[in-house]
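**Q** The following comprises the amino acid sequence and a computationally predicted model.
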Amino acid sequence: MLTGFAPGLIYFRQPLLRALVSAGHEVIAAAPEEDDRVEPAMAAIGVDWRPIEFDRNHMRPVGDLRFLREVRSILRTLAPDRLLCATVKPNIYGGWAAQAEGIPSAAMVTGLGTVFMNAGWRRRIAARMLRRACRHHSTVFVQNPEDRDDLLQAGIVEDKSKLIMTPGEGIDLQLWTPQPLPAEPVFLMLARLLVAKGVREYIEAAQLVRAKFPNVRMQLAGIEDAGSGGVPLAEVRQAERAGLIEYLGFVSDVPAAILASSVCVLPSWHEGTPHGVLESMAMGRAVVTTDVRGCNQTVIDGQTGLLVPVRDAPALAAAMCQLAGDADLRIRMGFASRRLAEERFDADIVATSMMDAML
């Protein structure tokens, strides 16, 4: 497995990796070495860890060519039966490398990303590059119907039969269990500090909510992203000093953070399937998120949470105020969120279906 975000191997992909190991496959995972927890976590489930260097945030021809050569070298040395790629650059260069070395491959589209959302030359180049890779990938997993349709309409995936839609990568329902809600409303946004995650809308909405409910707690957890489209940490700290939010920074114990919250908020502009939302759902939290691709799959509006228009801080604030003022509603929606997680997002079922489709 080749992916662009090493912590994702811990947070998102353990059920699939465990399923592959349990089925008797030798599994090797490669990603940039960004987190010293990854190697022991992989060892604990029987996965070999191989760090690989590349810049996942920018198109850099020289660096990307070096990455392609390194992937080819790894494939030539290991001669794996299959390469599974995840995130944009690995999907592109992994597919090219696998084709060059005669290795079967598959791709996981976990969200098309900002480069594909904005028209322009970057999108045209990225689309051509991914199209070439997808001609070799035998299977392309997608997480929402909008991404599937975009890949087809843009001609990136030319063979419709290659596309298989999954409900994200699922959530481990044995690990993430329902927990009681705090008595007072505590809103939690779990996301990297990116403009497209809706960080600025969350901060603006926090000001509106706290004007009506001064005792409501508004928490933001996530690391700064130095790549393009990041919200500067100084901007977040300024909102914290103004008393609008509590910035939790990087959270190593995500279950504890969700336990201390009562509502999950994600005002993202687009997603594959947001895993932090699935974690909150599994622990019995109502969800407020945007009515956009990926996000709207995680909510039954009015039952498990509330959907709001994208980039609309006043609408986001109104939804949060509705939940802030009604403890019974928070409880009812939290129970319904857990049921939806059980019915639609069981990671064991998702992992088995992916493994069967790929192998």
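**A** Yep, that arrived. Numbers count the residues shown, from 1 in each chain.
**Q** Pull the residues that contact stretch 216-234.
**A** Identification of contacts with stretch 216-234 by CB atoms under 8 Å, 6 or more residues apart in numbering yields 56-58, 114, 184-197, 199-200, 202-203, 206, 209-210, 236, 244-251, 254, 257, 261, 320, 324. Placement of C-beta: from N, CA and C, glycine included.
**Q** any chance you could read off phi and psi for P178?
**A** Here is the backbone geometry of P178 (degrees, to the nearest 10): phi -60, psi 140.
**Q** what's the burial count for the nearest residue to E33 once chain neighbours are set aside?
**A** Nearest residue to E33 in three dimensions, chain neighbours excluded: P51, at 3.6 Å (CB to CB, 6 or more residues apart in numbering). Neighbour count of P51, defined by other CB atoms under 10 Å: 13.
**Q** swap in A23?
**A** A23 has 13 nearby residues by other CB under 10 Å.
**Q** Now it. Nearest residue, chain neighbours left out?
**A** M355 (6.6 Å).
**Q** distance of that neighbour from A19?
**A** Plainly put, M355 is 5 Å away from A19 if you go by CB to CB, to the nearest Å.
**Q** again, but for T87
**A** From T87 across to A19, the span is 20 Å (CB to CB).
**Q** so where is the chain shaky, pLDDT-wise?
**A** Along the chain, segments meeting pLDDT under 70 span 56-60, 113-118, 227.
**Q** For the most centrally placed residue in it, give me its contacts.
**A** The residue lying closest to the centre of the chain (CA atoms, centre = their mean) is P274, at 4.5 Å. For P274, the contacting residues are G168, A191, L266, S268, T289, G294, C295, T298, by CB under 8 Å, 6+ apart.
**Q** How about the residue nearest to E33: which residues does it bridge to?
**A** A31 (DSSP bridges).
**Q** quick one: it and A30 touch, right?
**A** Yes. Counting by CB atoms under 8 Å, A30 is a contact partner of P51 at 7.0 Å.
**Q** List the residues that contact the residue lying closest to Y93 once chain neighbours are set aside.
**A** Excluding the flanking residues, the one nearest Y93 by CB to CB, 6+ apart is L68, at 4.7 Å. By CB under 8 Å, 6+ apart, the residues touching L68 are Y93, W96, A97.
**Q** Of the residues you listed - the most surrounded one?
**A** That'd be A97 among those, by other CB under 10 Å, with 27 neighbours.
**Q** Please look at it and L75 and confirm they touch.
**A** Yes. A97 is within contact range of L75, at 5.8 Å (criterion: CB under 8 Å).
**Q** Can you tell me which of the contacts of stretch 216-234 are buried?
**A** 56, 114, 185-194, 196-197, 199-200, 202-203, 206, 209-210, 236, 244-248, 251, 254, 257, 261, 320, 324 (16 or more other CB atoms under 10 Å).
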